[in-house]
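A.B. asks: model this:
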Amino acid sequence: MTRINTIEVDAATGSARELLEAVQKKMGMVPNLTKVMAQAPVVLETYLKGSEALSGGVLSAVEREHVALRTAELNQCQYCVSAHSALGKMQGLSEEEVLATRAGKSEATRAQAILDFTEAVVRERGKVSDEDVAEARDRGLTDADLVEVVGHVSLNLLTNYLNNVAGTAIDFPKAAPLAESDAAVA
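C.D. replies: Down below sits the predicted model:
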C-alpha cells in the first residue's frame with residue numbers, strides 16, 4: 001500500500017520538476033522512487049548527485065549492482081530488489097547471477113568479497129569487526145573498495161528505507177521473493 005504519494009513530472013514545480021525531467025532524459029522513464037523523492041527535492045537531488053558521484057569510483061557497474069541487490073535483499077526492500085534485478089541484467093548479470101547475488105553468493109572471488117563485506121556492513125550497521133576488514137583485504141579488496149562499498153550501502157539504505165516507508169509502487173518487473181527462487185540459485 002502506497003503511503004507517500006508520487007509527484008508526476010507534469011505536476012511538479014521548481015527544482016522537483018527540473019530534477020524529474022533530468023531523470024526522464026537520462027533513463028527514458030521516471031521511476032516511482034524518484035517521484036516519491038520529489039516530495040522533498042533536496043532528497044532527490046542528494047540521491048541523484050550521490051549516484052552520479054559514486055558511479056565514477058573504483059567499483060564497476062556490476063559490482064555496484066552486487067552491493068545494491070544484496071543490500072535490498074537484506075533490508076527486504078521489494079522495490080529495490082525488483083529495480084536492481086532489472087538494472088543488474090542491463091549490466092550483464094544473468095538471472096542466475098542476480099538470484100545468487102541476492103542470496104549473497106558468487107563464484108567470483110572479488111564479487112564474493114564485496115557481497116560478504118556488504119552484508120557485514122548492513123547487518124552490523126557499520127560496526128564491522130577487524131576480522132571482516134582483514135578478510136575483505138585478504139580477498140583482494142583495497143581501502144578504496146571498502147570505502148566505496150560503505151558509500152553504496154549508505155545510498156542504498158536511503159532508497160531501501162524510503163521505499164519501505166513509502167510503500168512505493170513497483171514499476172519494474174517484480175522480482176519473485178528469494179525463497180521461491182532458491183532452487184534456481186542452487
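A.B. asks: tell me the centre residue of the chain?
C.D. replies: A68 (2.9 Å; Cα atoms, centre = their mean).
A.B. asks: Grab the nearest non-local neighbour of that residue.
C.D. replies: By the measure of Cβ to Cβ, 6 or more residues apart in numbering, the closest residue to A68 outside its immediate chain neighbours is H84, 4.4 Å from it. From N, CA and C alone the C-beta is placed, and that goes for glycine too.
A.B. asks: Report how many residues lie close to that neighbour.
C.D. replies: Look at H84: counted by other Cβ atoms under 10 Å, it has 31 neighbours.
A.B. asks: ok, it - contacts?
C.D. replies: For H84, the contact set (Cβ atoms under 8 Å, 6 or more residues apart in numbering) comprises 65, 68-69, 72.
A.B. asks: could you check the distance from it over to A144?
C.D. replies: 22 Å (Cβ to Cβ, to the nearest Å).
A.B. asks: before we move on, what about E107?
C.D. replies: If you go by Cβ to Cβ, the gap between E107 and A144 works out to 24 Å.
A.B. asks: More neighbours: which of those two?
C.D. replies: Using other Cβ under 10 Å as the criterion, E107 and A144 rank with A144 on top: 11 against 8.
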